[in-house]
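Participant: Okay, structure incoming, though there's no sequence with it:
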């Protein structure tokens, strides 16, 4: 298949591009380096030095023999979108090209504006490009489990059959998110669903939980191929942050009581979920929704695991409970379904002590690059 | 109260401003004449010549003695937003400042972009302005009954208590709209609800049905104070279009089977709903939702009424069923609640033959201004 990876420079985008080519697909990556710019501006640079996309493509070619095309530009610019779609003619589009961080979206008005405008306009452009240039191509979009929030009933996979006053209707599962970033993902889903019903295009919306991990098979021979890995409060996901905090001797930053439950997954599983979704597309006119995670943990459970494994590696890990800077429930019911991707063939990599040890040991090699000032900033929701 | 009317030049904005001053409130109108620009570009000018806002304010002052402040500028520009809020210090904000037409949002990519960007960014700016300059002020926003779509169960007033697998949760009523415009209104609601929970600001979301009518009490002495009245396919609401079509000798344009049911209301009731919502604000931290309509009709029922009353006035009204350019259900269940505004004191003006006759007779005075080419354009959803 010919697959466009939008946001191909990011934490998930670049590993996705490598894996897809390793599995025999033709891939082009598209990025405007927005994530790099935001990280530089907020002084939260990634743990590994990251070659630019042209350099990564050369490295990957020298290691694997696989070719990846590169388009550098802004998908908010329709002229660029048109150029990319005309040149590459994709069968599938992996859409990662969004501002991906909840805390960033809550920094200030300018960051909120960037998040709302960028995320919605890029999704709109992708939809219009598919309609105009490749109406059979499937859009696979990264949504988030955060769209559902933490309702007091079971979270189903995208849809909810409701009985009300003796009548029944199947709705998109009603969603309520707890950051502006997560709210833009709700809007993305609404936008996709509207145009799918109207134009009979097709899409898979991957409601992903927080991803952890650094290592994917394609990095085995060349660590300069490692992903764009943030460990800071703004762009880092929770387990990645805890691992780096443990290595840095920084007490693990648990927000509030730490009983917040989320569905997590290994970056290796993300790549497989995405690939399986691309290789087995939704039908024309279908919005297919998968809940993309493999296990649920409380924040406390994650912190305790990192502490235990870290201490086995003599890291003397401490845990601190900070006043929660977010507005979120710290005690809540959580029972989300996640069978769709398993049925498609996903074989999960669960979070074992071995997996954690491997992560910690890899980060320990880069200990000198950890910027302690990046770890905690106190970005407040209120 | 000090009330900012955003979009104060529009069909509802200007009559709202006049009525609020007539009821003793201090009012400022804010507009960038976007509606006028769009109507000029699409060659669908309003039925009445409309003086600019400064001229209307002078006219209204000469008739009533009431003063209205005017701010001309674009609420997408934060510098302007700041200037307005600092200068006026509102107690309440009536937010009409959006691209208001479903067919316009479906015209082409540029119109879709304008709709998405304008509607979302202005709402975001209003929220940030309230947080920064007047956190006690209530935002009253025009939503639409179209947010709910036409589900097979009763539509409640904003919220739905769901029982699922033996547990219960109260959700925002799940919404699914049938145009991009209506979808941006869903997004508006999500945006408001997120920031209300996070910042404890307050808002009323008025889920309004299609509005009809031209005449409000404040126009009695001066017809140049009549609203910005569209009768074309793009910006005109359904009953307003039928009335003008009847007068023009154009067969009434019923889309498809004509069994689509919607909740409608007289422009006089809109003004009262808005005023009641402003005068009786939501609590801090509350998103209050009212379904704003007074009666439901099928499109066929509206067409038949206009035909009957028109024929009494010797108009020889014909009805034509056109292939439906929209993607929507033509036969559906529809039972929406609408008690909140009645409990607040709304006294509805129902659609009687007298009301229709008054509308038709007023339009007949302006018969020469009707542009037949504006009546039907065939804007297709597909």
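Facilitator: Sure, I can see it. No experiment lies behind these values; they were computed from the predicted model shown.

Participant: in stretch A:242-249, what's buried?
Facilitator: Neighbour-count burial for stretch A:242-249 flags A:242, A:243, A:244, A:245, A:246, A:247, A:248 (criterion: 16 or more other Cβ atoms under 10 Å in any protein chain shown). C-betas here are computed from N, CA, C, even on glycine.

Participant: Without its sequence neighbours, what residue ends up closest to residue A:74?
Facilitator: Of all residues not flanking residue A:74 in the chain, residue A:32 sits nearest, at 4.4 Å (Cβ to Cβ, 6 or more residues apart in numbering or on different chains).

Participant: still on that earlier bit, the buried residues of stretch A:242-249 in helices, which ones?
Facilitator: Judged by DSSP state H, the subset of those located in helices is A:242, A:243, A:244, A:245, A:246, A:247, A:248.

Participant: Just name the closest of those to residue A:76, please.
Facilitator: Nearest to residue A:76, judged by Cβ to Cβ, of these is residue A:244 at 31.8 Å.

Participant: Can you name the residues that contact the closest one?
Facilitator: Shown in contact with residue A:244 (Cβ atoms under 8 Å, 6 or more residues apart in numbering or on different chains): A:47, A:231, A:236, A:363, A:370, A:375.

Participant: Identify the farthest-apart pair in the residues you listed.
Facilitator: A:363 and A:375 (12.8 Å).

Participant: list residues touching both of those two?
Facilitator: A:231, A:244.

Participant: Tell me which of these two has more neighbours.
Facilitator: Ranked by neighbour count (other Cβ atoms under 10 Å in any protein chain shown), residue A:363 and residue A:375 place residue A:363 first, with 23 against 19.

Participant: Show me what whatever helix or strand the more buried one lives in packs onto, helices and strands only.
Facilitator: If you go by DSSP states H and E, residue A:363 is part of helix A:353-364. When contacts are defined as 3 or more Cβ pairs under 8 Å, 6 or more residues apart in numbering or on different chains; DSSP states H and E, helix A:353-364 sits against helix A:238-248, helix A:299-312.

Participant: Can you say which of these is packed in most?
Facilitator: Most buried of the helices and strands packed on helix A:353-364, by mean neighbour count (mean count of other Cβ atoms under 10 Å in any protein chain shown): helix A:238-248, with a mean of 25.

Participant: which is the next helix or strand following that one?
Facilitator: Assigned by DSSP H and E, the successor of helix A:238-248 is strand A:252-255.

Participant: ok, and does that next one reach over to chain B?
Facilitator: No. Against chain B, strand A:252-255 shows no contacts by Cβ under 8 Å from any Cβ of the partner chain, the least distance being 14.9 Å.

Participant: Give the pairing partners of that strand; include direction for each.
Facilitator: Paired strands of strand A:252-255, with direction, are strand A:319-322 (parallel) (DSSP bridges).

Participant: ok, and what's touching the partner strand?
Facilitator: For strand A:319-322, the external contacting residues (Cβ under 8 Å, 6+ apart) are A:251, A:252, A:253, A:254, A:255, A:256, A:257, A:258, A:303, A:304, A:307, A:376.

Participant: List the buried residues of it.
Facilitator: Neighbour counts over strand A:319-322 (16+ other Cβ under 10 Å) mark A:319, A:321 as buried.

Participant: same deal with stretch A:357-377?
Facilitator: A:359, A:360, A:362, A:363, A:366, A:370, A:374, A:375, A:376, A:377.

Participant: Per-residue pLDDT of the residue nearest to residue A:1 when sequence neighbours are not counted, please?
Facilitator: Closest residue to residue A:1 apart from its sequence neighbours, by Cβ to Cβ, 6+ apart: residue A:91 at 4.5 Å. Residue A:91 is assigned a pLDDT of 98 by the prediction.

Participant: dump the residue contacts of residue A:91.
Facilitator: By Cβ under 8 Å, 6+ apart, the residues touching residue A:91 are A:1, A:2, A:3, A:134, A:136, A:137, A:138.

Participant: Farthest pair within those residues?
Facilitator: A:3 and A:136 (13.6 Å).

Participant: For the residue of chain A positioned farthest from its centre, give its distance to residue B:122.
Facilitator: What lies farthest from the middle of chain A is residue A:166; by Cα atoms, centre = their mean that is 39.6 Å. Distance from residue A:166 to residue B:122, counting by Cβ to Cβ, to the nearest Å: 41 Å.

Participant: cool, residue A:329 as well?
Facilitator: 31 Å.

Participant: Which of these two has more residues huddled nearby?
Facilitator: Applying other Cβ under 10 Å to residue A:329 and residue B:122 shows that residue B:122 carries more neighbours, namely 23 against 16.

Participant: Can you check the pLDDT for the more buried one?
Facilitator: At residue B:122, pLDDT is 98.

Participant: so the helix or strand harbouring it versus helix A:109-133, what angle?
Facilitator: Assessed by DSSP H and E, residue B:122 sits inside helix B:109-133. Angle between the axes of helix B:109-133 and helix A:109-133 is 170 degrees (criterion: axes from the mean of the first three to the mean of the last three Cα atoms, to 10 degrees).

Participant: quick one: helix B:109-133 near chain A?
Facilitator: Yes. Counting by Cβ under 8 Å from any Cβ, contacts between helix B:109-133 and chain A involve B:109, B:112, B:113, B:116, B:117, B:120, B:121, B:124, B:128.

Participant: For ChimeraX, what selects the buried ones among those?
Facilitator: Command for ChimeraX that selects the buried part of these, burial taken from 16+ other Cβ under 10 Å:
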select /B:112,113,116,117,120,121,124,128
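
Participant: quick one, helices of chain A?
Facilitator: For chain A, helices defined by DSSP H occupy the ranges A:13-22, A:34-41, A:53-64, A:78-88, A:102-105, A:109-133, A:180-199, A:238-248, A:267-279, A:299-312, A:340-343, A:353-364, A:372-375.

Participant: which strands and helices sit next to the longest one?
Facilitator: Under the contact criterion of 3+ Cβ pairs under 8 Å, 6+ apart, the helices and strands touching helix A:109-133 comprise helix A:78-88, strand A:92-95, helix A:102-105, strand A:138-144, helix A:180-199, helix B:109-133.

Participant: tilt between that helix and helix B:78-88?
Facilitator: Note on geometry: by the same axes, to 10 degrees, helix A:109-133 and helix B:78-88 are set 130 degrees apart in direction.

Participant: again, but for the second one
Facilitator: Note on geometry: by the same axes, to 10 degrees, helix A:34-41 and helix B:78-88 are set 60 degrees apart in direction.

Participant: How far does helix A:34-41 sit from its chain's centre?
Facilitator: Here the centre of helix A:34-41 is set off from its chain's centre by 17 Å, with Cα atoms, centre = their mean, to the nearest Å.
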